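1. Sequence and predicted structure below; questions after.
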Amino acid sequence: MSRHFTNPIYLSERVENIIKNSDFLGKGNNGVVYRIDEQTIIKIFNEEKVCKREYEVLRRSRKCTAFPKVYGHGRFYIIRDYVDGVRLDKYLNKNEFNFQLAESIVKLIKDFKKLHYKKLDIRCKDLYVQPDYSIKVIDPKNNFDREMPYPRHLMKGMHKRHRLDKFLSYVKEIDPKLYEFWSENVFVYLEKIENSK
C-alpha cells in the first residue's frame, strides 16, 4: 500500500501498522488522512511544526463540541474523531442559508473568541454541516498566532457563492452589534479585492 506522503518521515511501527490497516481518505498541503474505523482517522503531517500547531489548537479547543476529539498524537500524526457531514463550500453551492446554520456559525466564531483565538476566521472548506445544521471543524490553523478579528475568509467564501447577504441578514437578527462590525469590515475587504483586479 502506498503511504501517499509528500516527504519521507519516520513513523513508529505502531503508526505504520495503523496506516496499513486504514483506508486512504485524502491528501492536502499539510499531509494525508487515513480512516482507521467508523469513528476515527489518523492525520499524518509533512512537517512536525504544523502537526504540533494543529494539535495545540485541538487541545486548547477540546471543550468546544465543534472540534474533533483527539485520541493520540506524535511528532508527525494526530489520531482524532472522523468528521462526517457536508463541507460548507459544497453545501452552499447547492443550498441556501437557513437561520439554524447561520446561528451555528455565529456561535462557532463566538466560541473562537471565548477560546482566546487571535484569528476569528476559518475557511468554508474546513467546516462541515451536520444534519441538524450544527457545524464541525477540521484543519484548524494558526488560530493562536495570526490576528483576524472577524471571519474574513469565511465570508469571502460565502460571497463567492452568492450567500453572504443572506448570512448577514441572519447575523443581524442574532447579534446586531456583531452584524455591524462584520458587515462593515467584510465589505471594505471585498471592495479592495474588486478594486485590485
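-> Perfect, thanks for sending it.

2. For the rest of this, base every contact and every neighbour count on C-alpha atoms.
-> OK.

3. any idea of the mean pLDDT in stretch 89-107?
-> Averaged across stretch 89-107, pLDDT comes to 98.

4. Ok, stretch 65-75 next?
-> Average pLDDT, stretch 65-75: 96.

5. Now do stretch 108-127: distance from first to last residue.
-> For stretch 108-127, the first and last residues are 10 Å from each other (C-alpha to C-alpha, to the nearest Å).

6. Tell me the buried residues in it?
-> Neighbour-count burial for stretch 108-127, counted by 16 or more other C-alpha atoms under 10 Å, picks out 108-112, 115, 117-127.

7. Ok, stretch 150-160 next?
-> With burial defined by 16+ other C-alpha under 10 Å, the residues of stretch 150-160 counted as buried are 150-159.

8. Tabulate the residues you listed (CSV), appending distance to residue 98, pLDDT and secondary structure.
-> Below are these laid out as CSV (distance: C-alpha to C-alpha, whole Å; pLDDT from 0 to 100; DSSP: H, G, I helix; E, B strand; the rest coil):
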residue, distance to residue 98, pLDDT, secondary structure
150, 21, 97, coil
151, 18, 97, coil
152, 20, 97, helix
153, 20, 96, helix
154, 16, 98, helix
155, 15, 98, helix
156, 18, 98, helix
157, 16, 97, helix
158, 13, 98, helix
159, 16, 98, helix
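
9. what about the lowest-mean-pLDDT helix or strand in the chain, distance to the chain center?
-> Every helix and strand in the chain was compared by mean pLDDT, DSSP states H and E; the lowest is helix 13-20, with a mean of 90. Offset of helix 13-20 from its chain centre (C-alpha atoms, centre = their mean, to the nearest Å): 26 Å.

10. Buried residues, the helix or strand following that helix. List them.
-> The first helix or strand that comes after helix 13-20 along the chain, using DSSP states H and E, is strand 23-27. Going by neighbour count (16+ other C-alpha under 10 Å), the buried part of strand 23-27 is 23-24.

11. just checking, what packs against strand 23-27?
-> On a contact count with 3 or more C-alpha pairs under 8 Å, 6 or more residues apart in numbering; DSSP states H and E, strand 23-27 meets strand 31-35.

12. and the angle for the strand it packs on with strand 23-27?
-> Counting by axes from the mean of the first three to the mean of the last three C-alpha atoms, to 10 degrees, strand 31-35 lies at 150 degrees to strand 23-27.

13. thinking again about what came up before, give me the subset of the buried residues of stretch 108-127 lying in helices.
-> Among these, the residues falling in helices (DSSP state H) are 108-112.

14. so which of the residues you listed would you say is closest to residue 50?
-> Closest to residue 50 out of those is residue 112 (19.6 Å), distances taken as C-alpha to C-alpha.

15. Can you give the domain ranges for this structure?
-> Per the record, the chain has its domains at 13-81, 86-195, by automatic domain parsing.

16. what's the spacing between the first one and its chain's center?
-> It stands for domain 13-81. How far domain 13-81 lies from its chain's middle: 14 Å, per C-alpha atoms, centre = their mean.
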